[in-house]
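Novice: I need the structure of the sequence given here:
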Amino acid sequence: MTASATHLPAVVRPAVEDRHWLSSDHCADPVLELLHALGWAVVDTPQANVHATSPDGRVYVGWLPEAPTAWQRGIVWQVQVQPTEGEPWAQEFGLHTPSEAVAGFLTALIATPSR
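Specialist: Residues are numbered from 1 along each chain as shown. Below is the predicted model:
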């Protein structure tokens with residue numbers, strides 16, 4: 001069986017640029033800037049945690065650097081989703097996950113599917 005080049009996946013080549021973001025600097029800015037730009041309700045707590053909710057209320061994002069229960073489980077990011085159909089689900093990210101990766105996850109999660 002042969003496949004035409006149009007049906008094969010694109011070859012991904014790493015860029016030669018600096019990849020400093022591949023290791024976490026423990027800064028929430030990439031995610032928080034994204035959520036602010038999208039019009040999410042974002043609330044800071046006196047303990048330095050941040051809670052954000054999507055405009056439709058179906059997605060919650062928490063940056064929890066000072067939440068004892070999160071630290072006990074080794075996480076700092078928590079995403080909770082309540083779909084219109086199906087069961088709710090959650091995804092958590094640890095301390096060493098770069099915020100840029102969490103922002104990419106959220107961007108993919110909330111992208112409007114093309115039809």
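Novice: my guess is Gln91 contacts Ala108. True?
Specialist: No - using CB atoms under 8 Å, Gln91 makes no contact with Ala108, being 11.5 Å away. In this view, the C-beta of every residue, glycine as well, is placed from N, C-alpha and C.
Novice: which of the two has more residues huddled nearby?
Specialist: Neighbours were counted for Gln91 and for Ala108 using other CB atoms under 10 Å; Gln91 has more, 15 against 8.
Novice: before we move on, what SS does the more buried one have?
Specialist: strand (DSSP: H, G, I helix; E, B strand; the rest coil).
Novice: same question for Ala52.
Specialist: strand.
Novice: run through the bridge partners of it.
Specialist: Counting by DSSP bridges, Ala52 is bridged to Val42, Val61.
Novice: ok, it touching Val43?
Specialist: Yes - the criterion here is CB under 8 Å, and Ala52 meets it with Val43 at 7.5 Å.
Novice: name every strand pairing with whichever strand or helix holds Val76 and say which way it goes.
Specialist: For Val76, the element it lies in under DSSP states H and E is strand 75-81. Sheet pairing of strand 75-81 (DSSP bridges) gives strand 59-63 (antiparallel), strand 89-94 (antiparallel).
Novice: with distance to Gln47 added, can I get those in TSV?
Specialist: As requested, the strands paired with strand 75-81 are exported to TSV (distance: least, CB to CB, whole Å):
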stretch	distance to Gln47
strand 59-63	11
strand 89-94	18
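Novice: tell me the most buried of these?
Specialist: The highest mean neighbour count among the strands paired with strand 75-81, using mean count of other CB atoms under 10 Å, belongs to strand 59-63: a mean of 21.
Novice: and the contacts of that one?
Specialist: Outside strand 59-63, the residues that touch it by CB atoms under 8 Å, 6 or more residues apart in numbering are 28, 31-32, 35, 40, 49-54, 70, 76-82, 106, 109-110.
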